[in-house]
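[1] Quick one: sequence and predicted model below, then my questions.
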Amino acid sequence: MWGIIPAAGRGSRIQPLAFSKELIPVGSRLDGGVERPCAISEYLVERMITGGASKLCFVIGPGKSDILKYYGGSHDGVPIAYVVQPQPAGLCDAIFHAAPVVAPEERVLVGLPDSLWMPQNGFCDLPDDRLSFLLFPVADSTVFDAVETDAAGHVREVQVKRPDATTNWVWGAFKMPGAVFHALHALWLERGRIDEYFGTLVNAYIAAGGHAAGVKTGTAYVDVGTVAGLRDALALLQGSAHEADPAADGRSAPLGLPSVRALAPARRPALATTATPGDREA
């Protein structure tokens, strides 16, 4: 199973940075008994591995060699490949740059490396046989891609950053068979690569007879693409550690998370689920 990580975006909402936004330190972890900063993208990598990914593929921009240097050839024994997106051109363009390495019989996980979400084992809730979205409730779904489902969990429509969104459930990650990945790629090419957002492509896929599922088991989602989102992520990690052990000082965390502690005084989000407004980048 592949875990595809689109990491070619400029990170314009949180500039200036001296490094790629995917390497922003959020909390810390113990590595061989030594505490070190934990990059925000490591949380997605850990979740993909927990979800069954046996191979990882970072899609990076030409100037983002620091990601390659940071991760090298593997993470916790899972091999990593890198493909280059010449310039940021949307999420569809980013993930389909990984098409040459994905075989139709394989499965694919996709997530955003500048996000933090719970539960850590969320990918395990997604079925293997169809396109499926891991959904999270947020306070303001108009700045995300809201996913409208029927009572059986079938996706009716992805509402891409619509001010009239009819649901507060948004996607934070997704999974699909390799054959569906390639079918979506073919549809994207057939449509002249007009789809910048994955949601508009999915709507066309559904209109053409495709099927997708929405799984509402996500509990908290934070976009760490802004300074406010970074604060919320620290608060979410601190709160999760104390929920696992009320006496903890922040050095332990639930569900197989890296041993995390906040690097700055944390403020608990106003809601159990938090989200930061702003357009997402590929």
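    Perfect, I can see it now. Numbers count the residues shown, from 1 in each chain.

[2] Then Ile49 would be within a helix, right?
    Yes: assigned with DSSP: H, G, I helix; E, B strand; the rest coil, Ile49 falls within a helix.

[3] count of neighbours near His185?
    17 (other Cβ atoms under 10 Å). Using the backbone N, CA and C atoms, a C-beta is placed for each residue, glycine as well.

[4] do the one 5 residues further on as well
    By the criterion of other Cβ under 10 Å, Glu190 has 10 neighbours.

[5] can you check the one 10 residues further on too?
    Residues lying near Thr200 (other Cβ under 10 Å) number 18.

[6] How far off centre is the helix or strand hosting Phe174?
    Using DSSP states H and E, Phe174 sits in strand 169-177. Distance of strand 169-177 from the chain centroid (Cα atoms, centre = their mean, to the nearest Å) equals 9 Å.

[7] Can you dump the C-alpha atoms of that strand in CSV for me?
    Below are the C-alpha coordinates for strand 169-177, written out as CSV (Å, rounded to 0.1, in the frame of the first residue of the first chain):
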residue,chain,number,x,y,z
TRP,A,169,-18.2,17.3,7.9
VAL,A,170,-15.0,17.9,5.8
TRP,A,171,-12.5,15.4,4.4
GLY,A,172,-9.0,15.3,5.9
ALA,A,173,-7.6,12.2,4.2
PHE,A,174,-8.7,9.5,1.7
LYS,A,175,-8.0,6.0,0.5
MET,A,176,-8.7,4.1,-2.7
PRO,A,177,-7.7,1.0,-4.7
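
[8] Just the helices from this structure, written as ranges.
    Remark: helices assigned in the chain by DSSP state H are 40-50, 65-71, 91-96, 178-190, 198-207, 227-244.

[9] Residues in a beta bridge with Leu56, which ones?
    For Leu56, the beta-bridge partners under DSSP bridges are Gly3, Ile80.

[10] where are the low-confidence patches of the stretch 1-150 of the chain?
    Along the stretch 1-150 of the chain, the model assigns pLDDT under 70 to residues 10-18.

[11] Apply 90 and report the result again.
    Where the stretch 1-150 of the chain drops to pLDDT under 90, the residues are 8-21, 24, 27-33, 36-37, 63, 87-88.

[12] Hey, what's the angle from the strand holding Phe174 to helix 178-190? Just curious.
    Orientation check (axes from the mean of the first three to the mean of the last three Cα atoms, to 10 degrees): strand 169-177 against helix 178-190 gives 110 degrees.

[13] Helix 198-207 and strand 169-177, what's the angle between them?
    In terms of direction (the same axes, to 10 degrees), strand 169-177 departs from helix 198-207 by 60 degrees.

[14] Strand 169-177 packs against which elements?
    Contact here means 3 or more Cβ pairs under 8 Å, 6 or more residues apart in numbering; DSSP states H and E; on that basis strand 169-177 packs against strand 107-111, strand 115-118, strand 131-137, strand 145-149.

[15] contacts for the longest one?
    Spelled out, it's strand 131-137. Strand 131-137 is contacted by residues 117, 122-123, 125-126, 147, 149, 155, 168-176, 180, 184, 202, 205, 210-221, 273, 275 when judged by Cβ atoms under 8 Å, 6 or more residues apart in numbering.

[16] let's see 6 Å
    Under the contact criterion Cβ atoms under 6 Å, 6 or more residues apart in numbering, strand 131-137 has outside partners 122, 126, 147, 168-176, 180, 212-216, 218, 221, 273.

[17] how much does that strand deviate in direction from strand 169-177?
    Strand 131-137 runs at 160 degrees relative to strand 169-177, counting by the same axes, to 10 degrees.

[18] orientation of strand 131-137 relative to strand 107-111 in degrees?
    Using the same axes, to 10 degrees: strand 131-137 against strand 107-111 is 30 degrees.

[19] let's number from 52 now, not from 1
    Yep, numbering from 52; the last one is strand 182-188 now.

[20] Okay, now the sheet partners of strand 182-188, with direction.
    According to DSSP bridges, strand 182-188 has these partners: strand 220-228 (antiparallel), strand 263-266 (parallel).

[21] What sits closest to Met227 if chain neighbours are left out?
    Using Cβ to Cβ, 6 or more residues apart in numbering and skipping residues adjacent in sequence, the residue nearest Met227 is Leu182, 4.3 Å away.
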